[in-house]
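Asks: What follows is a protein structure lacking sequence information:
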């Protein structure tokens, strides 16, 4: 791992009588993927909003590249080495890829936009990502995964030391997620420190070097990913002893006859080895934390998983 590029210490934030962050500490090193985890409402977004200058902490401090910082807005954060790609893209659909990447910073010559230079700069940034998106394409004509590459390219155009990715795979298919993994690894090799926020725990174990878990606004665990297993991670997130491998129980009911039966039902990277029987007149509950595979299982049963997702096992 490289040098420390971000250090947040004692970050506390309240809204009225409700304390949403309690003495939170977070440290990032160059060239690492650091997963920031927690259930909804744990404080992840609030902590990142403080880092980006959207919120101000009640107490605590942070440094970026060893310099004391407290940004007033996201633009100031970007100018000082912190960029973020949000779950919902902020692209202008009717503008070109070049215009979106350099929005507000298009190079000028003799009082006019220097389009050849702008296209070269945009192409160079896309090339660094290994992207095949054309700088001349209209963003609204691109598929979601390509739009995400443009969003990442725009964030990288500020040459960040810290790069925050908020639920980056939420709208992607399995094939597109594989491409996202490749982009993350490219950024890591270039020495960028990445904060990776996700409810999909398989992504955390595939990508992260370290993990920090928040619960009720406080850090409950911060360690190397090799020092924690799935069951412990889920227990730390929820505060309850749970089985991280989605337990499905057949509900007893008055009906007779089977309406649906799954055996060894699996979908690559989403869920594995599901056995489930639903009889007439019964209600079967499927429970698990966010990212455990509940929604993906339902989509698989009705044939609504993204194209290219490989499903195994039997469904009757």
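Replies: Arrived safely, thanks for sending. Bear in mind the structure is a predicted one, so any value in this text is a computation, not a measurement.
Asks: chain center to the strand or helix carrying residue 122: distance?
Replies: Secondary structure assignment for residue 122, by DSSP states H and E: helix 115-129. Relative to its parent chain, helix 115-129 has a centroid offset of 25 Å by C-alpha atoms, centre = their mean, to the nearest Å.
Asks: For it, which helices and strands make contact with it?
Replies: helix 97-101, helix 144-156, helix 174-189 (3 or more C-beta pairs under 8 Å, 6 or more residues apart in numbering; DSSP states H and E). In this view, the C-beta of every residue, glycine as well, is placed from N, C-alpha and C.
Asks: so the helix or strand that the longest one is followed by versus helix 174-189, what angle?
Replies: Put plainly, it is helix 174-189. Once helix 174-189 ends, the next helix or strand along the chain (criterion: DSSP H and E) is strand 193-197. Relative orientation of strand 193-197 and helix 174-189, computed by axes from the mean of the first three to the mean of the last three C-alpha atoms, to 10 degrees: 150 degrees.
Asks: Neighbouring strands - and their directions - for strand 193-197?
Replies: Applying DSSP bridges, strand 193-197 is found paired with strand 33-37 (parallel), strand 162-166 (parallel).
Asks: Show me what the lowest-mean-pLDDT helix or strand in the chain is packed against.
Replies: When the helices and strands of the chain are compared on mean pLDDT, DSSP states H and E, strand 311-315 comes out lowest with a mean of 80. Helices and strands touching strand 311-315, as assessed by 3+ C-beta pairs under 8 Å, 6+ apart, comprise strand 258-267.
Asks: What are the contacting residues of the strand it packs on?
Replies: 271-280, 296-297, 300-301, 305, 309-316 (C-beta atoms under 8 Å, 6 or more residues apart in numbering).
Asks: Please apply the same query to stretch 303-316.
Replies: Contacts for stretch 303-316 (C-beta under 8 Å, 6+ apart): 173-176, 258, 260-268, 270, 273-274, 296, 299-301.
Asks: Return the distance of it from the chain's centre.
Replies: With C-alpha atoms, centre = their mean, you get 24 Å for stretch 303-316.
Asks: try stretch 226-238
Replies: Computed by C-alpha atoms, centre = their mean, the separation of stretch 226-238 from the middle of its chain amounts to 18 Å.
Asks: Flag every buried residue along that stretch.
Replies: 228, 233, 234, 235, 236, 237 (16 or more other C-beta atoms under 10 Å).
Asks: And stretch 146-163, by the same measure?
Replies: 146-158, 160-163.
Asks: any idea how far the residue nearest in space to the middle of the chain lies from residue 45?
Replies: Central residue of the chain (C-alpha atoms, centre = their mean): residue 167, 2.7 Å from the mean position. Per C-beta to C-beta, to the nearest Å, residue 167 is found 10 Å from residue 45.
Asks: Can you pull the residues that touch both of these two?
Replies: What both residue 167 and residue 45 touch, as defined by C-beta under 8 Å, 6+ apart, is the set residue 197.
Asks: re the thing from before, among the contacts of stretch 303-316, which ones are buried?
Replies: By 16+ other C-beta under 10 Å, the contacts of stretch 303-316 give 173, 174, 176, 262, 265, 266, 267, 270, 274, 296, 300, 301 as buried.
Asks: Taking those together, which two end up most distant?
Replies: 176 and 262 (26.2 Å; C-beta to C-beta).
Asks: surely residue 103 meets residue 92?
Replies: Yes. Assessed by C-beta atoms under 8 Å, residue 103 is found in contact with residue 92 at 7.0 Å.
Asks: Now do the same for stretch 72-82: mean pLDDT, whole number.
Replies: Mean pLDDT, computed over stretch 72-82, is 91.
Asks: does residue 196 have beta-bridge partners, and which?
Replies: residue 35, residue 165.
Asks: rewinding a little: can you select the buried ones among the contacts of strand 258-267 for me in PyMOL?
Replies: Buried residues among the contacts of strand 258-267 (16+ other C-beta under 10 Å), as a PyMOL selection:
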select buried, resi 271+272+274+276+277+278+279+296+297+300+301+305+309
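Asks: Spatially nearest residue to residue 55 (excluding sequence neighbours)?
Replies: Among residues not flanking residue 55 along the chain, residue 49 sits closest, at 4.4 Å (C-beta to C-beta, 6 or more residues apart in numbering).
Asks: Any chance you could list what contacts the helix or strand that that neighbour is a member of?
Replies: Applying DSSP H and E as the criterion places residue 49 in helix 44-52. Contacts of helix 44-52 from elsewhere in the structure, counted by C-beta under 8 Å, 6+ apart, are 6, 8, 11, 13, 20-21, 24, 26, 36-38, 55-57, 62, 71, 74, 77, 82, 84, 162, 164, 166, 195, 197, 214, 217.
Asks: So what's the gap between it and the chain middle?
Replies: Distance, centroid of helix 44-52 to centroid of chain: 14 Å (C-alpha atoms, centre = their mean).
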